[in-house]
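Chemist: prediction below, plus the sequence it came from.
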Amino acid sequence: MGSYILRRILISIPMLLVITIIAFLLLQLAPGDPISAYSPPEAPLPPEQREALERQLGLNEPIWTRYFYWLKEALQGNLGPRSRNFAPVGEAIMSRLGPTLLLMVSALAIGIGLGLVLGVISALKKYSILDMVLTVFAFLGVSFPAYLGGLLGLYIFALTLGWAPAGGMSTAGAAGGGFVDVTRHLILPASIIALNYVASTMRYTRSAMLEVLDQDYIRTARAKGLKENAIVVGHALKNALMPIITIIGSYIPNLLGGAVFIESIFGWPGMGRLFVDAVEARHYPMVMGLILILAILILVVNLLTDVAYAMVDPRVRYD
């Protein structure tokens with residue numbers, strides 16, 4: 001397993017390079033002026049200051065020279081200055097990484113946990129009214145876009161019913177919030193993001209469980225008199241997890257995309273909202289830094305997904 005993990009890490013390095021090259025080229029082709037990120041629209045910089053800033057940031061150099069300069073600085077931990085106040089990009093991203101991970105992990109836990117439970121129930125009650133209701137819910141949940149769910153959730157549960165805060169990560173005026181306060185602000189956006197993953201996990205769990213429950217070893221376990229709970233959890237669900245793990249590993253890129261919309265709608269101070277602000281401001285160092293961090297997160301999650309195969313199924317050996 002150790003040699004496999006090392007090989008995957010070495011393979012990930014050129015993949016990261018390709019991702020950053022493509023992102024850098026696309027940013028250079030995008031319309032807009034990166035210098036505008038360093039001055040307000042109502043007070044543009046004089047021509048001589050613009051030229052000085054271009055030389056300072058290396059914008060007067062050829063595109064490949066600029067890329068290799070960015071890559072050299074990134075390898076040293078310097079992702080560039082932030083706009084206007086020239087605060088480091090790395091510090092700005094790290095300050096937003098925690099809230100985004102909290103939102104993503106919470107949404108993923110809700111989606112996987114609730115999806116597994118509902119999927120097992122649907123499989124055990126196949127072709128019943130409950131199964132049909134859960135199937136309809138699954139199709140609706142899969143087809144429901146995150147931005148629409150965010151707008152409807154904000155209007156219904158926050159503005160109309162008042163069951164949840166309308167936005168932010170903590171109550172205004174509260175010093176750092178607190179566990180209960182942050183949880184109140186977290187439940188609604190995390191649940192909206194998780195809706196799609198509850199539905200997806202439930203569908204795949206139901207399908208995998210139905211296939212496993214028809215196997216001979218399940219009938220043998222029942223013939224031996226084992227309790228139904230032990231059969232379902234210890235035998236059926238454990239062997240049905242392999243295809244489910246594959247689907248869970250594919251959730252992460254979509255989860256990041258959904259977080260961009262939800263963080264913007266709910267004013268959640270995470271990387272998704274920072275990404276939107278950076279694109280609108282044409283702040284390329286911030287966009288490149290965010291793309292790099294998100295690409296690393298996705299590659300790490302894919303590696304952990306493959307490692308989880310061997311933990312769930314002892315027959316899988318990568319060495």
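Modeler: Sure thing, it's come through. Numbering: from 1, shown residues only.
Chemist: in contact with residue 304, which residues?
Modeler: Contacts here follow CB atoms under 8 Å, 6 or more residues apart in numbering; on that basis residue 304 touches residue 249. For every residue, glycine as well, the C-beta is placed using N, CA and C.
Chemist: any idea how far the least confident helix or strand in the chain by mean pLDDT is from the chain center?
Modeler: The weakest-scoring helix or strand in the chain, judged by mean pLDDT, DSSP states H and E, is helix 47-57 (a mean of 75). Its chain's average C-alpha position is 37 Å from that of helix 47-57, according to CA atoms, centre = their mean, to the nearest Å.
Chemist: go on, stretch 239-255?
Modeler: The answer for stretch 239-255 is 13 Å, by CA atoms, centre = their mean.
Chemist: identify the residues contacting it?
Modeler: So stretch 239-255 is in contact with 104, 107-108, 111-112, 116, 193, 196-197, 200-201, 204-205, 207-209, 211-212, 215, 297-298, 301-302, 304-306, 308-309, 312-313, going by CB under 8 Å, 6+ apart.
Chemist: among those residues, which ones are buried?
Modeler: 104, 107-108, 111-112, 116, 193, 196-197, 200-201, 204-205, 207-209, 212, 297-298, 301-302, 305-306, 308-309 (16 or more other CB atoms under 10 Å).
Chemist: in helices only, show me the contacts of stretch 239-255.
Modeler: Members of the contacts of stretch 239-255 lying in helices (criterion: DSSP state H): 104, 107-108, 111-112, 116, 193, 196-197, 200-201, 204-205, 207-209, 211-212, 297-298, 301-302, 304-306, 308-309, 312.
Chemist: quick one, helices of the stretch 201-319 of the chain?
Modeler: Secondary structure of the stretch 201-319 of the chain (DSSP state H, counting those that start in this stretch): helices at 216-223, 228-230, 238-249, 251-266, 271-280, 284-312.
Chemist: how about the shortest one: buried residues?
Modeler: With burial defined by 16+ other CB under 10 Å, not one residue of helix 228-230 is counted as buried.
Chemist: and that helix, what's its mean pLDDT?
Modeler: The average pLDDT within helix 228-230 is 81.
Chemist: now do the last one
Modeler: For helix 284-312, mean pLDDT rounds to 81.
Chemist: quick one: that helix to chain centroid distance?
Modeler: Counting by CA atoms, centre = their mean, helix 284-312 comes out at 10 Å from the chain centroid.
Chemist: and the angle for that helix with helix 238-249?
Modeler: 170 degrees (axes from the mean of the first three to the mean of the last three CA atoms, to 10 degrees).
Chemist: got the angle between helix 284-312 and helix 47-57?
Modeler: Comparing the axes of helix 284-312 and helix 47-57 via the same axes, to 10 degrees yields an angle of 30 degrees.
Chemist: what do you get for the first one?
Modeler: Put simply, helix 216-223 runs at 80 degrees to helix 47-57, going by the same axes, to 10 degrees.
Chemist: what are the buried residues along helix 216-223?
Modeler: So for helix 216-223, counting by 16+ other CB under 10 Å, buried means 218, 221.
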